[in-house]
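A.B. asks: Here is my input, please return the structure:
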Amino acid sequence: MVKKKRKKILFLKSTQLNGYHPTNCVLYNDEEILLHTWFARSYGVNEKHTKRINEVLNNVKIKIKNNQKPIVFKDKTFYLREHYRKLMIKLKMKF
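C.D. replies: Model (predicted):
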């Protein structure tokens, strides 16, 4: 058990998704709850990772309970925030 600010951190089990390295299937109570595609920040920038993530999204069968649609998290402002953050770092270094 690891404690941070007197909070207990719980770790989830995960397994590597076969054929889509590096992508992990995260398990909770031995049930698949999500797929984690590493290097997703490179999506649309790096051709290798963009292709791999597209293959995961198009080819992996997701078990859906109660006719729910899967949730795909996309941060549309990530690129702008990162660009601004890096610009501020460069400006600080110049002064």
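A.B. asks: When you work out contacts or count neighbours from here on, use the C-alpha atoms and nothing else.
C.D. replies: Noted.
A.B. asks: quick one: which helix or strand includes L87?
C.D. replies: Using DSSP states H and E, L87 sits in helix 78-94.
A.B. asks: Can I get that helix in CSV, CA atoms only?
C.D. replies: Provided in CSV are the C-alpha atoms of helix 78-94 (Å, rounded to 0.1, in the frame of the first residue of the first chain):
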residue,chain,number,x,y,z
PHE,A,78,-4.6,19.8,-25.8
TYR,A,79,-2.5,20.8,-28.8
LEU,A,80,-3.1,24.5,-28.2
ARG,A,81,-2.4,24.3,-24.4
GLU,A,82,0.8,22.4,-25.1
HIS,A,83,1.9,24.8,-27.7
TYR,A,84,1.2,27.8,-25.4
ARG,A,85,3.0,26.0,-22.5
LYS,A,86,6.1,25.3,-24.6
LEU,A,87,6.1,28.9,-25.9
MET,A,88,6.1,30.3,-22.4
ILE,A,89,9.0,28.0,-21.4
LYS,A,90,11.0,29.3,-24.4
LEU,A,91,10.2,32.9,-23.5
LYS,A,92,11.2,32.4,-19.9
MET,A,93,14.5,30.9,-21.0
LYS,A,94,15.3,33.9,-23.2
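A.B. asks: chain center to it, what's the gap?
C.D. replies: Relative to its chain's centre, helix 78-94 lies at 22 Å (C-alpha atoms, centre = their mean, to the nearest Å).
A.B. asks: And stretch 86-95, by the same measure?
C.D. replies: Taking mean C-alpha positions (C-alpha atoms, centre = their mean), stretch 86-95 and its chain are 28 Å apart.
A.B. asks: Name the residues that touch that stretch?
C.D. replies: Stretch 86-95 is contacted by no other residue when judged by C-alpha atoms under 8 Å, 6 or more residues apart in numbering.
A.B. asks: can you do 10 Å?
C.D. replies: 80-82, 84 (C-alpha atoms under 10 Å, 6 or more residues apart in numbering).
A.B. asks: And the residues you listed, which is closest to L12?
C.D. replies: E82 (28.6 Å; C-alpha to C-alpha).
A.B. asks: now the helices: where do they sit in this structure?
C.D. replies: Assigned by DSSP state H, the chain shows helices spanning 47-59, 78-94.
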